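Participant: give the three-dimensional model of this entry:
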Amino acid sequence: MRYDDFRRSDDIEDRRDEGGGGGGGGFGLPMGGGGLGIGTIIVLGLIGYAFGIDPRILIGGAEILTGGGQAPSYQTDRQSTSAKRGAPTDEMGSMISGILGEIDDRWSEIFQASGQNYTGPKIVLFRNATNGGRCGMAQSAMGPFYCPPDKQIFLDTAFFREVETRFRGCSGSSCKFTTAYIIAHEAGHHIQNLLGILPRVQRLQQQAGSKAEANALQVKVELQADCLSGVWTNREAKKRPGFLEPGDIEAALTTATAIGDDTLQRQATGRVVPDSFTHGSAAQRKQWFMTGYQQGTVQACNTFGTSNL
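Facilitator: Model prediction:
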């Protein structure tokens, strides 16, 4: 991925120098009133804890649909005082700033074409742990996540090395585009939030009769975000024809395979339990990213309008 001509966004809060922490002890993710239940969904694979991997390590693994509404006060009241604001100057931070700038520009064009205004998300960079605002404590083991009530994406940049070394989702220079794919997926959740999809899904999950039914709704949310990531890639490639390099799309598909629910379950337990899926199978994640990439329209990403995911 070539990103030297990307527009750098200033909507970055860099807390990496804080060294982790972000608050006192005794942290947990805000569960609202009902724990890891259907109503206050923390969008995570229920599979993860069964085999010793925090399920939030998946791409988009800790997206919290509502923030629970009752996050502990230490999360909402405490603000970072030492964070740097604006586009970072180090290589990784600068690349992330450029990716966010291009994501915002392309989605702004899409929204304007339909007569709507677009305001992009902010990205919080951290190391180890930090205050996650109304979504509770952000920790590196969660992987990247989007916090809807605060409209922020939380990233521990060490995760991108995990994609290469632990999940083997990419190698070499193609990992740059994998980083963009991951961030564009999180931005996809921001699009869903702006369009009112996330709160509607949360209401449906509250009405669901089982965890399997609620999980099936969550799979549609995650696959749609994969598709929206593909839409951004399509629009960016048209705007900047040289930005994709050989192997980039293949690396994104390899990453999608590596973090598919079935792949992770099979590696951990030797069996696959589709009713526990929360992000979709490897094949589904690849299919919906490619749908967005090939068609380049939001309309193509209607995962809720089909029973054949």
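
Participant: what residues does stretch 151-162 touch?
Facilitator: Taking contacts as CB atoms under 8 Å, 6 or more residues apart in numbering, the residues outside stretch 151-162 that touch it are 16, 57, 62, 92-93, 96, 119, 121-128, 130, 132-133, 135, 138-140, 142-147, 175, 178-179, 182-183, 186-187, 190, 193. (Each C-beta comes from the backbone N, C-alpha and C, glycine too.)

Participant: PyMOL command to pick out the buried ones of those residues?
Facilitator: Typed into PyMOL, the line below selects the buried ones among the contacts of stretch 151-162, using 16 or more other CB atoms under 10 Å:
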select buried, resi 16+57+62+92+93+96+121+122+123+124+125+126+127+128+130+132+133+135+138+139+140+142+143+144+145+146+147+175+178+179+182+183+186+187+190+193
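
Participant: in strands only, show me the contacts of stretch 151-162.
Facilitator: Under the assignment DSSP state E, the contacts of stretch 151-162 contribute Lys122, Ile123, Val124, Leu125, Phe126, Thr130, Ala138, Gln139, Phe145, Tyr146, Cys147 to strands.

Participant: check these and tell me the two furthest apart.
Facilitator: The largest distance within the ones in strands among the contacts of stretch 151-162, taken as CB to CB, falls between Lys122 and Gln139 and amounts to 18.8 Å.

Participant: nearest residue to Thr257 in space, please, no chain neighbours.
Facilitator: Excluding the flanking residues, the one nearest Thr257 by CB to CB, 6 or more residues apart in numbering is Ala282, at 4.2 Å.

Participant: what of Val231?
Facilitator: The shortest distance from Val231 to any non-neighbouring residue, by CB to CB, 6+ apart, is to Gly292 (4.2 Å).

Participant: and for the strand or helix carrying the one you found, what's in contact with it?
Facilitator: With secondary structure defined by DSSP states H and E, Gly292 is part of helix 282-295. Contacting residues not belonging to helix 282-295 are listed as 181, 219, 222-224, 226-234, 249, 252-253, 256-260, 262-263, 279-280, 300-301, 303, 309 [CB under 8 Å, 6+ apart].

Participant: now those residues: which count as buried?
Facilitator: Neighbour counting with 16+ other CB under 10 Å marks 181, 219, 222-224, 226-234, 249, 252-253, 256-260, 262-263, 279-280, 300-301, 303 as buried within the contacts of helix 282-295.

Participant: beta partners for Phe145?
Facilitator: Going by DSSP bridges, Phe145 is paired in beta bridges with Phe154.

Participant: hmm, it is touching Glu186, no?
Facilitator: Yes. Taking CB atoms under 8 Å as the definition, Phe145 is a contact partner of Glu186 at 7.1 Å.

Participant: from the opening residue of stretch 132-145 to its closing one, how far?
Facilitator: Across stretch 132-145, the straight-line distance between its terminal residues is 10 Å, by CA to CA, to the nearest Å.

Participant: what mean pLDDT does that stretch have?
Facilitator: Mean pLDDT, taken over the full extent of stretch 132-145, equals 87.

Participant: do the same with stretch 90-98
Facilitator: If you average the pLDDT over stretch 90-98, you get 95.

Participant: what does it rub up against?
Facilitator: With contacts defined as CB under 8 Å, 6+ apart, stretch 90-98 is touched by 3, 6-10, 12, 14, 16, 87-88, 123, 125, 155, 157, 160, 176, 179, 183.

Participant: and if we set it to 10 Å?
Facilitator: Applying CB atoms under 10 Å, 6 or more residues apart in numbering, the external contacts of stretch 90-98 come out as 1, 3-12, 14, 16, 84, 86-89, 123, 125, 153, 155, 157-158, 160-161, 176, 179-180, 183.

Participant: pull out the buried members of those.
Facilitator: Buried positions within the contacts of stretch 90-98, assessed by neighbour count (16+ other CB under 10 Å), are 1, 3, 6, 8-9, 11-12, 14, 16, 84, 87-88, 123, 125, 153, 155, 157, 160, 176, 179-180, 183.

Participant: just the ones of these in helices?
Facilitator: In helices, judged by DSSP state H, the following of those are found: Phe160, Lys176, Thr179, Ala180, Ile183.

Participant: farthest pair within those residues?
Facilitator: Every pair of these checked by CB to CB; the farthest is Lys176 and Ile183, at 11.2 Å.

Participant: tell me the spacing between Ala141 and Asn128.
Facilitator: 9 Å (CB to CB, to the nearest Å).

Participant: and the angle for the longest helix seen in the chain with helix 282-295?
Facilitator: Of all the segments assigned as helix in the chain under DSSP H, the longest by residue count is helix 211-239. Helix 211-239 runs at 30 degrees relative to helix 282-295, counting by axes from the mean of the first three to the mean of the last three CA atoms, to 10 degrees.

Participant: what mean pLDDT does helix 211-239 have?
Facilitator: Confidence over helix 211-239 (mean pLDDT, whole number) is 93.

Participant: what's near enough to touch Cys227?
Facilitator: With the criterion set at CB under 10 Å, 6+ apart, Cys227 makes contact with 185, 188, 285, 287-293, 295, 297-298, 300-303.

Participant: that's all I had, so thanks and see you.
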